[in-house]
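Asker: the sequence isn't on hand, but the structure is:
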């Protein structure tokens, strides 16, 4: 597969509640590439991810994500952009009142799936990919933290996205469980998807080396 740029930002300003947190952000991520976004808590990592998935207003010269122009995207187009993105959060954000499979179905319905048979097949497929093929009937509280994060990775994969945006995906996990999640994320990037992972845990870099961008003093710099 030829490399092509899946995230391309040029001279972007990132604001959080009227406060400028990052300025002159110029960065790119190629298809199938794994990239770390590092920096201290409060350095702007999450805000940058929110800009990429159009949760924060785009301000800057140019920004393209999965073929969508962030400077010109209309509100009604944002759900279509997000179908091309899989987003993984530190705190899992699973719906506690429904089973693992129902959590996946909820996302599929919200993004336009209608065929129940296809939804069932897709849910089972992504659960098997993350090693939870037999856990679809369980409720989130019946799972360990690592299993819950695997469900949120399955949820991120359900629409076969071009990019995974992972915001501190191992932040609530012990070291051994974190290692399993990292293996899974690298496997996903080897399958041709881009992974942009925000973290302040630098212990991964030796075992899981990849290109690194650093949020520091209001800028994003190659590390």
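Answerer: Here it is on my side, so go on. Here the structure is a predicted model, which is why all the values come from computation and not from measurement. Residues are numbered from 1 along each chain as shown.

Asker: any idea how far residue 15 is from residue 90?
Answerer: 22 Å (CB to CB, to the nearest Å). In this view, the C-beta of every residue, glycine as well, is placed from N, C-alpha and C.

Asker: which of the two has more residues huddled nearby?
Answerer: residue 90 (18 against 15; other CB atoms under 10 Å).

Asker: let's verify that one: helix, strand, or coil?
Answerer: Put simply, residue 90 is coil when judged by DSSP: H, G, I helix; E, B strand; the rest coil.

Asker: wait, it touches residue 171, no?
Answerer: Yes. Using CB atoms under 8 Å, residue 90 is in contact with residue 171, at 4.0 Å.

Asker: OK, contacts around residue 216?
Answerer: Shown in contact with residue 216 (CB atoms under 8 Å, 6 or more residues apart in numbering): 39, 43.

Asker: who does it bridge with?
Answerer: Bridge pairing for residue 216 (DSSP bridges) gives the partners residue 219.

Asker: which residues touch stretch 128-135?
Answerer: 100, 124, 127, 143, 147, 150-151, 153-154, 157, 184.

Asker: residues in contact with residue 136?
Answerer: So residue 136 contacts 99-101, 123-124, 127 (CB under 8 Å, 6+ apart).

Asker: and the pLDDT at it?
Answerer: Note for residue 136: predicted pLDDT of 96.

Asker: what helix or strand is the residue of the chain positioned farthest from its centre on?
Answerer: Distance from the C-alpha centroid of the chain peaks at residue 117, with 26.6 Å (CA atoms, centre = their mean). Assigned by DSSP states H and E, residue 117 falls within helix 116-129.

Asker: and what of residue 107?
Answerer: Residue 107 is part of helix 100-110 when elements are defined by DSSP H and E.

Asker: give me the contacts around that helix.
Answerer: Under CB under 8 Å, 6+ apart, the answer for helix 100-110 is 94-95, 98, 119-120, 122-124, 126-127, 132, 135-140, 143, 151, 154-155, 158-159.
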